[in-house]
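**Student:** With the sequence up front, the predicted model follows.
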Amino acid sequence: MAQQRALPQSKETLLQSYNKRLKDDVKSVMDNFTEIIKSAKIEDETQVSRATQGEQDNYEMHVRAANIVRAGESLMKLVSDLKQFLILNDFPSVNEAIDQRNQQLRALQEECDRKLIALRDEVSIDLYELEEEYYSSRYR
């Protein structure tokens with residue numbers, strides 16, 4: 001696109017919403033992954049027994065992994081929404097593609113017309129020669 005056009009307010013708001021979703025989901029993935037790595041470290045002895053601490057860490061890892069999966073699914077939904085937005089709102093490129101296809105089809109039509117005219121001329125010449133031969137023949 002040679003020129004940048006201003007989007008209507010609703011589209012601009014929608015794009016800002018997409019941007020916020022993207023940042024929030026990526027931050028969620030990073031934070032949860034960081035916390036999983038932190039909880040994998042073995043800490044010094046605390047007031048809680050090792051078995052209890054292990055179960056708590058295991059549960060926390062499962063919850064954080066579920067949060068990462070949820071954020072990943074949200075990102076996939078965001079990609080789908082962006083594709084839909086692009087398809088529904090990118091009229092200039094759709095019109096350009098239609099114009100290009102029309103030009104291709106017109107060129108093909110002109111080429112077919114030229115070939116048909118050339119074929120018509122050849123058939124006409126051959127038919128004229130055949131008629132001449134037929135009418136000039138003594139076996140008629």
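**Tutor:** Nice, I can see it.
**Student:** CA only for contacts and neighbour counts going forward, please
**Tutor:** OK.
**Student:** Have a look at this structure and report its longest helix.
**Tutor:** Longest among the helix segments of the chain by residue count, using DSSP state H, is helix 91-136.
**Student:** Local confidence estimate at residue 109?
**Tutor:** What the model reports as pLDDT for residue 109 is 97.
**Student:** likewise residue 19?
**Tutor:** Note for residue 19: predicted pLDDT of 92.
**Student:** right, and the helix or strand after the helix or strand harbouring it?
**Tutor:** Element membership for residue 19 (DSSP states H and E) is helix 9-39. Of the helices and strands lying after helix 9-39 in sequence (DSSP H and E), the nearest is helix 50-89.
**Student:** Go ahead and flag the most central residue of the protein.
**Tutor:** Centroid-nearest residue in the chain: residue 83, 5.7 Å away (criterion: CA atoms, centre = their mean).
**Student:** orientation of the longest helix of the chain relative to helix 50-89 in degrees?
**Tutor:** 50 degrees (axes from the mean of the first three to the mean of the last three CA atoms, to 10 degrees).
**Student:** now helix 91-136: how far from the chain's centre is it?
**Tutor:** Between the centre of helix 91-136 and the centre of its chain there are 37 Å (CA atoms, centre = their mean, to the nearest Å).
**Student:** now do stretch 21-28
**Tutor:** 21 Å.
**Student:** which of the residues in it are buried?
**Tutor:** 21, 22, 25, 26, 28 (16 or more other CA atoms under 10 Å).
**Student:** Check the offset of stretch 18-36 from the chain's centre.
**Tutor:** Relative to its chain's centre, stretch 18-36 lies at 24 Å (CA atoms, centre = their mean).
**Student:** ditto for stretch 49-62
**Tutor:** Centroid separation for stretch 49-62 versus its chain: 43 Å, with CA atoms, centre = their mean.
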